[in-house]
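S.K.: just coords:
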Ligand code: MN
């Protein structure tokens, strides 16, 4: 399987003024593009992994030969993490608010959307160095906020992510320099809650199906 850089569902300038077009272009094309390119080159010599999904690989990295395990972890993680990140953002104001079962889930676990936002923001700010903060589902379908270092995927910890925010400096440094908190405050204006809701419903459905199987 040759992995490909997915195109963005919007223009590089679509997230202005919160994320500038130049940051988006470099981030998507060079950073995400770099992970995809590297991943394909690593997997070239390993045809036995060609038909294994990256989700499966990251859920159980022990299936990957040890000599490429760390490189697969970094680059497959980078590829999947960014693929989700682009899709849970949209032009400012277009993403709506959580509703329906997602809102019910958020309120039952966090009390309110405001508390969920505080929890994600806090874990994103406190992630030392590079990494991510996630709204994820555990194996029982319960919502939980977690953070991962580097390009580690929540899948490695048994979680399925439905919303994620990149706090590597490459995600914000051109516009915000060292002000990660300002980037995060702005980022909330870009969350596509319709997509997060779809992700939630899809994951809950998959969990229910796998339990029946
Ligand atoms: Mn990134």
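M.R.: Looks like it arrived, so ask away. All values derive from a computational prediction rather than experimental measurement.
S.K.: can we go C-alpha only for contacts and neighbour counts from here?
M.R.: Noted.
S.K.: Flag the shaky bits of the chain, pLDDT-wise.
M.R.: 1, 213 (pLDDT under 70).
S.K.: So what are the structural domains in it, by residue number?
M.R.: 21-87, 100-212 (automatic domain parsing).
S.K.: In TSV: those, plus distance to residue 10 and mean neighbour count.
M.R.: Below are the domains of the chain laid out as TSV (distance: least, Cα to Cα, whole Å; neighbours: other Cα atoms under 10 Å):
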stretch	distance to residue 10	mean neighbour count
domain 21-87	9	17
domain 100-212	12	18
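S.K.: Of all these, which one is nearest residue 7?
M.R.: domain 21-87 (8.6 Å; Cα to Cα).
S.K.: Any idea which of the domains of the chain gets closest to residue 8?
M.R.: domain 21-87 (6.6 Å).
S.K.: can you pull out the strands in this protein?
M.R.: Here the chain has its strands, by DSSP state E, at 131-137, 143-149, 160-166.
S.K.: Save the domains of the chain as CSV, and put in distance to residue 15 too.
M.R.: Shown next, in CSV, are the domains of the chain (distance: least, Cα to Cα, whole Å):
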stretch, distance to residue 15
domain 21-87, 7
domain 100-212, 7
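S.K.: To residue 12, which of the ones you listed lies closest?
M.R.: domain 21-87 (4.8 Å).
S.K.: The protein: helices as residue ranges?
M.R.: Along the chain, counting by DSSP state H, helices occupy 21-25, 33-43, 54-59, 66-87, 100-110, 113-126, 173-176, 180-187, 193-212.
S.K.: What is the distance between the shortest one and the centre of its chain?
M.R.: Taking Cα atoms, centre = their mean, to the nearest Å, one finds helix 173-176 lying 20 Å from the centre of the chain it belongs to.
S.K.: who are the neighbours of that helix, in terms of helices and strands?
M.R.: Packing partners of helix 173-176 (3 or more Cα pairs under 8 Å, 6 or more residues apart in numbering; DSSP states H and E): none among the helices and strands.
S.K.: what residues does that helix touch?
M.R.: For helix 173-176, the external contacting residues (Cα atoms under 8 Å, 6 or more residues apart in numbering) are 19, 20, 23, 182, 183.
S.K.: Tell me the spacing between the nearest residue to residue 21 once chain neighbours are set aside and residue 173.
M.R.: Excluding its sequence neighbours, the residue lying closest to residue 21 (Cα to Cα, 6 or more residues apart in numbering) is residue 13, at 4.3 Å. According to Cα to Cα, to the nearest Å, residue 13 stands 16 Å off from residue 173.
S.K.: for the nearest residue to residue 133 once chain neighbours are set aside, what are its contacts?
M.R.: Distance criterion Cα to Cα, 6+ apart; nearest residue to residue 133, sequence neighbours excluded, is residue 147 at 4.2 Å. Counting by Cα under 8 Å, 6+ apart, residue 147 touches 123, 124, 127, 131, 132, 133, 134.
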